[in-house]
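Chemist: Please find the sequence and the predicted model below.
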Amino acid sequence: MRLTVKILYLFLILLGYSGTSAAQKFYEAEDVKNAQVKFFIVDSPEKADLHFCIIYDAKEITKPGVMMEVETPKEADITLIFVDEEKDADIKVWLVDTPAEVKWVNESKKKLLTVGGLK
């Protein structure tokens, strides 16, 4: 009986980690109607709702804003598009170089990227 409980516990832990590693995979939509979230890249960090970065290894995804682009919508947790006009955006973003620099400036926008258990 104890071995079964340990195996179940280990399975739940691994399931949790697998969800975390995939939480911020995004697919860039071709048009606005297919996007779940619209990003606008601002011209200074002070104007951003979110400082985000794009990484290339899913293991680095630890929080919303640390994002990895994927090739198909099926692989993605969220579909987004970068818009040309600030007024059309759901989230104003500033691109940073490292996951350590990622942060929310406007916490009220956080709900738009809370996926896969990451908040």
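Modeler: Cool, the structure landed. Predicted, not measured: the structure shown is a model, and the values here were computed from it.
Chemist: drop to CA atoms for contacts and neighbour counts, all remaining ones
Modeler: Fine.
Chemist: where exactly do the strands run in the protein?
Modeler: Ranges of strands in the chain, per DSSP state E, are 25-28, 37-41, 50-54, 66-69, 78-82, 91-95, 103-104.
Chemist: a markdown table for those strands, including mean neighbour count and distance to K111?
Modeler: Listed next are those as a markdown table, based on neighbours: other CA atoms under 10 Å; distance: least, CA to CA, whole Å:
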| stretch | mean neighbour count | distance to K111 |
| --- | --- | --- |
| strand 25-28 | 23 | 16 |
| strand 37-41 | 21 | 11 |
| strand 50-54 | 23 | 12 |
| strand 66-69 | 22 | 15 |
| strand 78-82 | 21 | 13 |
| strand 91-95 | 23 | 11 |
| strand 103-104 | 18 | 11 |
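Chemist: Just tell me which of those ends up closest to E60.
Modeler: Across the strands of the chain, E60 has its closest neighbour in strand 66-69 (7.5 Å, CA to CA).
Chemist: still on that earlier bit, same list, the strands of the chain, but as a markdown table with distance to K110 and mean pLDDT please.
Modeler: Below are the strands of the chain laid out as a markdown table (distance: least, CA to CA, whole Å; pLDDT from 0 to 100):
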| stretch | distance to K110 | mean pLDDT |
| --- | --- | --- |
| strand 25-28 | 16 | 94 |
| strand 37-41 | 12 | 96 |
| strand 50-54 | 9 | 95 |
| strand 66-69 | 13 | 94 |
| strand 78-82 | 14 | 94 |
| strand 91-95 | 9 | 97 |
| strand 103-104 | 7 | 95 |
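Chemist: Bridge partners for I54, pull those for me.
Modeler: Beta bridges link I54 to M67 when assigned by DSSP bridges.
Chemist: I'd like to know how far it sits from K87.
Modeler: Distance of I54 to K87, given as CA to CA, to the nearest Å: 23 Å.
Chemist: what's the answer for D43, then?
Modeler: Applying CA to CA, the value for D43 to K87 is 14 Å.
Chemist: what does K103 give?
Modeler: In terms of CA to CA, K103 sits 22 Å off from K87.
Chemist: what's the answer for L112, then?
Modeler: Counting by CA to CA, the gap from L112 to K87 is 17 Å.
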